[in-house]
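Colleague: Quick one: sequence and predicted model below, then my questions.
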Amino acid sequence: MSLAALSDPTRSNFPFYDDRVDLACAFRWTVKLNMHEAVANHFSLAVNDDGTQFLMNPNQMHFARIKASDLLLLDANDPTTMERPDAPDPTAWGLHGAVHRACPHARCILHVHSVHATVLASLADSTLPPIDQNSAMFFNRVVVDDQYGGLAFEEEGARCAELFTDPKVKVMVMGNHGIMVIGDTVADAFNRMFYFERAAETYIKALWTGRPLRVLSDEIAEKTASEIETYPAQANRHFEELKLLLDAEQPEYRD
């Protein structure tokens, strides 16, 4: 089936409908959590085995309005993508296209400029120390990009994609920019994005006190991170609850 045929958003021929619903829910909840930024930032989700075909939000559409049928279906290996009448944002294509092209394990990619994570990305030392349970879950699972080179067109996107080649790394703190979070599913990535923002908020507010930090040992931090990674279905349960809440409040996100 051609990519154009797969892009038909009618309910009778609605490819990847469940994936679209999950991604639409993630956009809506990012707004509800005030982690969005005007009509910027982008989420994407791979829909084929090698990860090169993916769903992504349309160019310059506010997260609060995005529905399942609005999502673009793109091919990271299609050089004519930016010639389409519904071409995606150039920086979204540069960044997300590059990661989906180079990192098949990055099934879902969420990029935001959420406040506390971006504050962390603005510090000279953008590492997140394990000072509580939430921050410990990211121990040795974050990479810091300290080579910001401007808007993420294709060259910048390719450089960032190289930082995700280690499958253990799930979060990129993009220095002077924001964060990029990857996951196996929308639920997995969204749960991780949520907790990273919470962890960054705790850390930034702890710094405000000017008091010494109680930093966990490497051993306990790694133990905690491993335990959370294997905690039964936590991310899925979290996201299913978010969908149930959104079903009651904004059911049109499924359209």
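Modeller: It's in.
Colleague: Below-threshold pLDDT in the stretch 101-250 of the chain: ranges please.
Modeller: Along the stretch 101-250 of the chain, no part satisfies pLDDT under 70.
Colleague: For it, which segments count as helices?
Modeller: For the stretch 101-250 of the chain, the helices defined by DSSP state H, counting those that start in this stretch cover 115-122, 133-136, 154-161, 186-209, 218-229, 234-249.
Colleague: what residues does the second one touch?
Modeller: Counting by Cβ atoms under 8 Å, 6 or more residues apart in numbering, helix 133-136 makes contact with 128-130, 195, 198-199, 202-203, 216, 220-221, 224-225, 228, all of which sit outside it. (C-beta placed from N, C-alpha, C; glycine too.)
Colleague: Just the buried positions in that helix, please.
Modeller: Neighbour counts over helix 133-136 (16 or more other Cβ atoms under 10 Å) mark 133-136 as buried.
Colleague: possible to save these as TSV with distance to A161?
Modeller: Formatted as TSV, the buried residues of helix 133-136 follow (distance: Cβ to Cβ, whole Å):
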residue	distance to A161
Q133	30
N134	27
S135	26
A136	27
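Colleague: ok, the residues you listed vs E240, which is closest?
Modeller: Each of those was scored against E240 by Cβ to Cβ, and N134 proved nearest at 20.8 Å.
Colleague: Output the helix or strand hosting S44 in PDB, but only the C-alpha positions, please.
Modeller: Element membership of S44 [criterion: DSSP states H and E] is strand 42-46. Coordinates of each C-alpha in strand 42-46 appear next as PDB, following Å, rounded to 0.1, in the frame of the first residue of the first chain:
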ATOM      1  CA  HIS A  42       6.700  18.000  17.900                       C
ATOM      2  CA  PHE A  43       5.900  14.300  18.800                       C
ATOM      3  CA  SER A  44       6.400  11.400  16.500                       C
ATOM      4  CA  LEU A  45       5.600   7.700  16.500                       C
ATOM      5  CA  ALA A  46       7.100   5.000  14.300                       C
END
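Colleague: And that strand, how far out from the chain middle?
Modeller: 7 Å (Cα atoms, centre = their mean, to the nearest Å).
Colleague: Make 57 the first number, not 1, from now on.
Modeller: From this message on, residue numbering opens at 57, which makes the last subject strand 98-102.
Colleague: between the helices of the stretch 157-306 of the chain, which gets nearest to S100?
Modeller: Using Cβ to Cβ, those put helix 242-265 closest to S100, at 9.9 Å.
Colleague: Can you check what angle separates that closest one from helix 171-178?
Modeller: 70 degrees (axes from the mean of the first three to the mean of the last three Cα atoms, to 10 degrees).
Colleague: Just the C-alpha atoms of helix 242-265, please, in CSV.
Modeller: Written as CSV, here are the backbone C-alpha positions of helix 242-265 (Å, rounded to 0.1, in the frame of the first residue of the first chain):
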residue,chain,number,x,y,z
VAL,A,242,3.5,6.6,23.4
ALA,A,243,2.7,5.6,26.9
ASP,A,244,6.3,4.7,27.7
ALA,A,245,7.7,8.0,26.3
PHE,A,246,5.0,10.2,27.8
ASN,A,247,5.4,8.7,31.2
ARG,A,248,9.1,9.3,31.0
MET,A,249,8.7,12.9,29.8
PHE,A,250,6.2,13.6,32.7
TYR,A,251,8.6,12.2,35.3
PHE,A,252,11.7,13.9,33.9
GLU,A,253,9.9,17.3,34.1
ARG,A,254,8.9,16.5,37.7
ALA,A,255,12.5,15.4,38.6
ALA,A,256,13.9,18.6,37.0
GLU,A,257,11.4,20.7,38.9
THR,A,258,12.4,19.1,42.2
TYR,A,259,16.1,19.6,41.5
ILE,A,260,15.8,23.2,40.4
LYS,A,261,13.7,24.1,43.5
ALA,A,262,16.2,22.2,45.7
LEU,A,263,18.9,24.4,44.2
TRP,A,264,16.9,27.5,45.1
THR,A,265,17.2,26.7,48.8
